[in-house]
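Q: My questions are about this predicted structure, shown below with the sequence.
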Amino acid sequence: MATRIINQPPGQHMRTIPTPSRATTGDALPINDSIPETESATLSALCSGSCTRSVEFCETMTLPAAFNTDAVKTNCARIAYDTSFLGYTVEPETVQAQLPCGGCCPVDVYRIGLAGAIPYIIDIGPVSSGCGDTVRVNVTGNVMVDEAIGYICGDAEPELNELSCQNVTPHLSVEVADCGCTDNTNITVYGTFSFSNLPTCM
């Protein structure tokens, strides 16, 4: 039977308490310094999971009163966008991990980010006037991206799946409103680009 010393205030006798041996004999309970297998699996899942993130965009254009925007509907906008300017960033970090039975300790992780830009062209819809043809109004824009999308545990830098447009989903809304006290019309298109299924560790 091993003994473990407990410190006492000055002037008092030291006392000891028995603790079970690491050898599992008889009814003695073994001491296990490692995290139980089920808890270890849970921590691993938390570290290797992916996050869903998004960035917002907004464009507003003002049309003179002579232009008819009645054909512009809230669900008529269409978008073309490009993801070739996006890329992953991988940065080592040290975070404090909460232990299952209390306390915490530093753990080395990799911060997986998505950085770059998403250029886009949005077709708002048809607009007409008293002269000329009916035309489709388009706006162009560019949204900058710098988002953390996940954290991965481990000592080796992770390999990531190739990014594609399937990982970036746009959500559009259109608003048509009078421009203050004038007869002009404001057309605002806004929404988000959502990032999903990112990343996975090879």
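A: Perfect, I can see it now.

Q: Could I get the full set of strands for the chain?
A: For the chain, the strands defined by DSSP state E cover 2-6, 15-19, 53-63, 78-81, 86-98, 104-127, 135-153, 168-178, 185-195.

Q: Quick one: work out the angle between the longest one and strand 86-98.
A: What it means is strand 104-127. Here the directions of strand 104-127 and strand 86-98 differ by 150 degrees (axes from the mean of the first three to the mean of the last three C-alpha atoms, to 10 degrees).

Q: And strand 104-127, what does it pack against?
A: strand 53-63, strand 78-81, strand 86-98, strand 135-153, strand 168-178, strand 185-195 (3 or more C-beta pairs under 8 Å, 6 or more residues apart in numbering; DSSP states H and E). From N, CA and C alone the C-beta is placed, and that goes for glycine too.

Q: May I see the buried residues of it?
A: Buried residues in strand 104-127, counted by 16 or more other C-beta atoms under 10 Å: 109-110, 112-114, 117-118, 120, 122, 124-127.

Q: In JSON lines, list the residues you listed along with distance to Leu198 and pLDDT.
A: Formatted as JSON lines, those follow (distance: C-beta to C-beta, whole Å; pLDDT from 0 to 100):
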{"residue": "Val109", "distance to Leu198": "16", "pLDDT": "85"}
{"residue": "Tyr110", "distance to Leu198": "14", "pLDDT": "85"}
{"residue": "Ile112", "distance to Leu198": "8", "pLDDT": "85"}
{"residue": "Gly113", "distance to Leu198": "10", "pLDDT": "87"}
{"residue": "Leu114", "distance to Leu198": "7", "pLDDT": "89"}
{"residue": "Ala117", "distance to Leu198": "17", "pLDDT": "95"}
{"residue": "Ile118", "distance to Leu198": "14", "pLDDT": "95"}
{"residue": "Tyr120", "distance to Leu198": "19", "pLDDT": "95"}
{"residue": "Ile122", "distance to Leu198": "24", "pLDDT": "94"}
{"residue": "Ile124", "distance to Leu198": "30", "pLDDT": "91"}
{"residue": "Gly125", "distance to Leu198": "32", "pLDDT": "89"}
{"residue": "Pro126", "distance to Leu198": "36", "pLDDT": "92"}
{"residue": "Val127", "distance to Leu198": "37", "pLDDT": "91"}
